[in-house]
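**Q** Need the 3D shape of this:
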Amino acid sequence: MKAVRFEDPSGAVRIGAVEGDEVVDAGPAGALGFVPDAEGWAAVAAASGPRYRRDQIRMRHPVVPEKILAIGINYRSHAEETGVKIPSVPVVFAKWSSALIGDGEPIVIPREETRPDFEGELAIVIGRTTYRATPEEALDAVGGISAFNDVSGRRAQLETPLRQYTLGKSFDTFAPMGPCIASVDGVDLSDVDVRTTVSGEVMQDASTSDLIFSVRDLIVYLSAGVTLRPGDVIATGTPGGVGLSRTPPRYLGEGDVVEVHIGGVGTLTNPVTLER
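**A** Purely as a prediction, here's the structure:
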């Protein structure tokens, strides 16, 4: 199953079930958007409202999380291209939820940011309250998966000795997510395709089999001291191929279109524009 959060033709924000090229209205969206718990998935499975073509509705980011927990240097290929030693524990930082946008919405580069970069990632959406998960319990916390673009302002991120990770990665529009949340029934989280293209050119093409810390590892580590709540998002890290590490670097510019494809989810598409 796949669930979306969208605006219907009247402007009301709704939850929908994806059926082929159509979205079936499953009811009003709550404050957290679509929460992939048992109740949320049951409502999507029972969707029987109006049907809409994609061109009749505006897609929104599917969830409104309390927390976005992001992971750095979590693909061996990315560690290799950056020359960073394989970390012994997950590298964790945060992105503000105010940076979220949905499928089709523009990434807007602030005037001050001279090195905007792309990072396609698998997003895990928490489906149940979880604290101190054991390895045996960890995957039970996964409510669904989505595509995520950890857009990164490298100028801001790297401009101080201590690194402005939170600021450089939390500019408005720097967290595209969607187009949907997909259930994990039958999905092998250890082998999910992750591919990013920029204006038609493939930049990243990998699998979660290259993760340093698996989804299970991340939930165990993060939930030791932090309560993971339904709707929270874990952006699991990006593979090699980011713009910063290319020769010459390939940063985002006016008119670019970034597509992040996640196996079992689909493709998240966002145009790029500069702040006016």
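**Q** Name the SS class of Glu136, please.
**A** coil (DSSP: H, G, I helix; E, B strand; the rest coil).
**Q** cool, Ser77 as well?
**A** Classified using three-state DSSP, Ser77 is helix.
**Q** Measure how buried the closest residue in space to it that isn't next to it in sequence is and give me the count.
**A** Spatial nearest neighbour of Ser77, excluding adjacent residues (Cβ to Cβ, 6 or more residues apart in numbering): Gly240 at 3.2 Å. Yep, even glycine has a C-beta here, placed from its N, CA and C like the rest. When neighbours are counted by other Cβ atoms under 10 Å, Gly240 registers 18.
**Q** Could you pull up the contacting residues of Gly240?
**A** 75, 77-78, 80-81, 204, 206 (Cβ atoms under 8 Å, 6 or more residues apart in numbering).
**Q** just to confirm, which helix or strand has Ala156 in it?
**A** For Ala156, the element it lies in under DSSP states H and E is helix 154-158.
**Q** neighbouring contacts of that helix?
**A** With contact meaning Cβ under 8 Å, 6+ apart, helix 154-158 is reached by 112-117, 163-165, 167-169, 171, 244, 251.
**Q** try stretch 258-271
**A** Counting by Cβ under 8 Å, 6+ apart, 2, 101, 103-107, 118, 120-123, 145-149, 176-182, 184, 187, 192-198, 252, 255-257, 272 sit against stretch 258-271.
**Q** buried subset of those?
**A** Among the contacts of stretch 258-271, the ones that count as buried by 16 or more other Cβ atoms under 10 Å are 2, 101, 103-105, 107, 118, 120-123, 145-149, 176-182, 184, 187, 192, 194-198, 252, 256, 272.
**Q** quick one: strands adjacent to the strand or helix carrying Gln204?
**A** Assessed by DSSP H and E, Gln204 sits inside strand 201-207. Sheet partners assigned to strand 201-207 using DSSP bridges are listed as strand 193-198 (antiparallel).
**Q** Return the partner strand as PDB; C-alpha atoms alone will do.
**A** Taking Å, rounded to 0.1, in the frame of the first residue of the first chain, the C-alpha atoms of strand 193-198 are listed here in PDB:
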ATOM      1  CA  ASP A 193      17.400   0.800  -4.500                       C
ATOM      2  CA  VAL A 194      18.400   4.400  -4.000                       C
ATOM      3  CA  ARG A 195      18.900   6.500  -7.200                       C
ATOM      4  CA  THR A 196      19.300  10.300  -7.700                       C
ATOM      5  CA  THR A 197      19.300  12.100 -11.000                       C
ATOM      6  CA  VAL A 198      19.800  15.800 -11.600                       C
END
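**Q** and the nearest residue to Tyr131 once chain neighbours are set aside, how many neighbours?
**A** Excluding the flanking residues, the one nearest Tyr131 by Cβ to Cβ, 6+ apart is Thr227, at 4.7 Å. When counting by other Cβ under 10 Å, one arrives at 14 neighbours for Thr227.
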